[in-house]
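Visitor: Sharing a sequence plus its predicted fold:
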Amino acid sequence: MNESPAGEREARHRRLREAMAAHSLDGLFLYAAGWRREYVRYVTGARLGASFALVFLPLSGDPVALVASEEDRRAVEETGWVTDVRPLRPLRLDLPRGLRRVGVAHLELMPEAILAQIEEALPGVELTSATSLVDAVQRVKSPWELEQVRRAARVCEAGWEAFVRALAPGVPEYAVVAAVEHELKRLGAEDNFMLIASGGREVMGMTPPGERRLQVGDLVRTELTPQVNGYWCQICRTAVLGEPDPAQRRSSELFLEALEAGLAAVRAGVTADEVARAENDVFRRHGYGEYCTSRYTRVRGHGHGLHPDETPSIVEGDRTVLEEGSVVIVHPNTYTPLAGYHVLGDPVVVTAGGFEPLLATERKLFQVAP
């Protein structure tokens, strides 16, 4: 059942409609594909399981949900946010007359077969991508949404504690991840996106867990991201199995300096570019600027919410303005020749004067006795 307060549905639908009106849209399709179901969950409040779903939200009037399974039909009906629930096949829209311009969120992911049926149902209507419109609406969280992210953060920290407890010589990576998954599920997590890497300076990035067995002297890195009641929260940390060597200590110091510089730049009104530049400038100042490029790293952070990797991307050149009430993780994760790939990052709520930290876990290189 949906746990949100009574006004959450109305507030979300109102915000979407205000954005639609500002962009001269008469209606909005929100498409869910595979693991990118966040738009439909935002409108319906429902946790879906099938590969496809669709919602039509008119500028005025009641929305319509089209689902691909009986389980998803029940999930949407149980939340009560959308009462008109229909099968996705056959696509039966019965849309209002007079539509001229309709947005499609996740148009870029929509299969041609579904898009063709929409076009057939809307002859002469202009269809345009509304992905960035919906992203912008979802970036600013309601007080209830922020509480869900805080709940996810507490589960996230418990997952990290389980990760550290599982580290020992001879333990395979998959066993570490299994221990974390057990703890997260025990605490009510719906899902978990997680990457891991173990080894030394040769490690260039993180992957799903493999069969490699931990050794004394390894750095063990993870991005650990549980989902609680729809909302994701991530922790990025690195541990060393045994006593850290001087290069590992220096790497830890470098990444802590970069993380703190990025966090110091966070506040409402700054751009994603400014936060990324603050992080990267630390690496440039210490002679590691080349490792800020796309050859070695993807982003210096990103948004959080109903998707684990929301906009904005914290990268140089992204001019998205951070707004009060949005959630981002700042993480200067990259490779350097000091000690290989290193990860360190914290999620925060953006405030008018700075940020609210979501984690209490120390920002350090964790040391685990073998």
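Guide: Happy to help now that I have it.

Visitor: going forward, measure contacts and count neighbours with C-alpha atoms only.
Guide: Fine.

Visitor: And the pLDDT at residue 1?
Guide: The per-residue pLDDT reported for residue 1 equals 43.

Visitor: do the same with the one 5 residues further on
Guide: The model reports residue 6 with a pLDDT of 78.

Visitor: What is the neighbour count of it?
Guide: By other C-alpha atoms under 10 Å, 9 other residues sit near residue 6.

Visitor: Kindly report the same for residue 360.
Guide: 10.

Visitor: Surely residue 156 is in a strand?
Guide: No - the secondary structure assignment for residue 156 gives helix rather than a strand, going by DSSP: H, G, I helix; E, B strand; the rest coil.

Visitor: Check the spacing between the residue nearest to it when sequence neighbours are not counted and residue 234 real quick.
Guide: Excluding its sequence neighbours, the residue lying closest to residue 156 (C-alpha to C-alpha, 6 or more residues apart in numbering) is residue 226, at 6.0 Å. Computed with C-alpha to C-alpha, to the nearest Å, the distance linking residue 226 and residue 234 is 7 Å.

Visitor: and what of residue 323?
Guide: For residue 323, the distance to residue 234 - C-alpha to C-alpha - is 20 Å.

Visitor: ok, now which ones touch residue 23?
Guide: Not one residue lies near residue 23 by C-alpha atoms under 8 Å, 6 or more residues apart in numbering.

Visitor: same question but for residue 257, I mixed them up
Guide: residue 282.

Visitor: so when I look at it, I'm seeing a helix, right?
Guide: Yes - under three-state DSSP, residue 257 sits within a helix.

Visitor: Going forward, the N-terminal residue is numbered 772.
Guide: From this message on, residue numbering opens at 772, which makes the last subject residue 1028.

Visitor: burial of the residue nearest to residue 927, as a residue count?
Guide: Residue 997 has 29 nearby residues by other C-alpha under 10 Å.

Visitor: Which residues does it form beta bridges with?
Guide: When bridges are called by DSSP bridges, residue 997 pairs up with residue 963.

Visitor: Please verify my assumption that residue 805 contacts residue 822.
Guide: Yes - assessed by C-alpha atoms under 8 Å, residue 805 is found in contact with residue 822 at 4.5 Å.

Visitor: And for residue 879, the neighbour number?
Guide: Counted with other C-alpha under 10 Å, residue 879 comes out at 11.

Visitor: now swap in residue 932 and tell me
Guide: Applying other C-alpha under 10 Å, we find 14 residues neighbouring residue 932.

Visitor: packing partners for the helix or strand harbouring it?
Guide: With elements taken from DSSP states H and E, the one containing residue 932 is helix 914-937. Packing partners of helix 914-937 (3 or more C-alpha pairs under 8 Å, 6 or more residues apart in numbering; DSSP states H and E): helix 944-957, strand 990-999, strand 1002-1003, strand 1006-1012.

Visitor: Which of these has the highest mean neighbour count?
Guide: By mean neighbour count, with neighbours taken as mean count of other C-alpha atoms under 10 Å, strand 1002-1003 ranks first of those at a mean of 28.

Visitor: partners of it in the sheet?
Guide: strand 990-999 (antiparallel).

Visitor: CA atoms only for the partner strand, dumped as PDB, please.
Guide: What follows is strand 990-999, C-alpha atoms only, in PDB (Å, rounded to 0.1, in the frame of the first residue of the first chain):
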ATOM      1  CA  LEU A 990      41.500  -1.700  -1.400                       C
ATOM      2  CA  VAL A 991      37.900  -2.700  -1.500                       C
ATOM      3  CA  ARG A 992      35.600  -0.100  -3.000                       C
ATOM      4  CA  THR A 993      31.800   0.100  -3.400                       C
ATOM      5  CA  GLU A 994      28.900   2.200  -4.500                       C
ATOM      6  CA  LEU A 995      26.100   0.900  -2.400                       C
ATOM      7  CA  THR A 996      22.600   2.100  -3.200                       C
ATOM      8  CA  PRO A 997      19.500   0.700  -1.500                       C
ATOM      9  CA  GLN A 998      15.900   1.600  -2.500                       C
ATOM     10  CA  VAL A 999      13.400   2.200   0.300                       C
END
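
Visitor: All set now, cheers.
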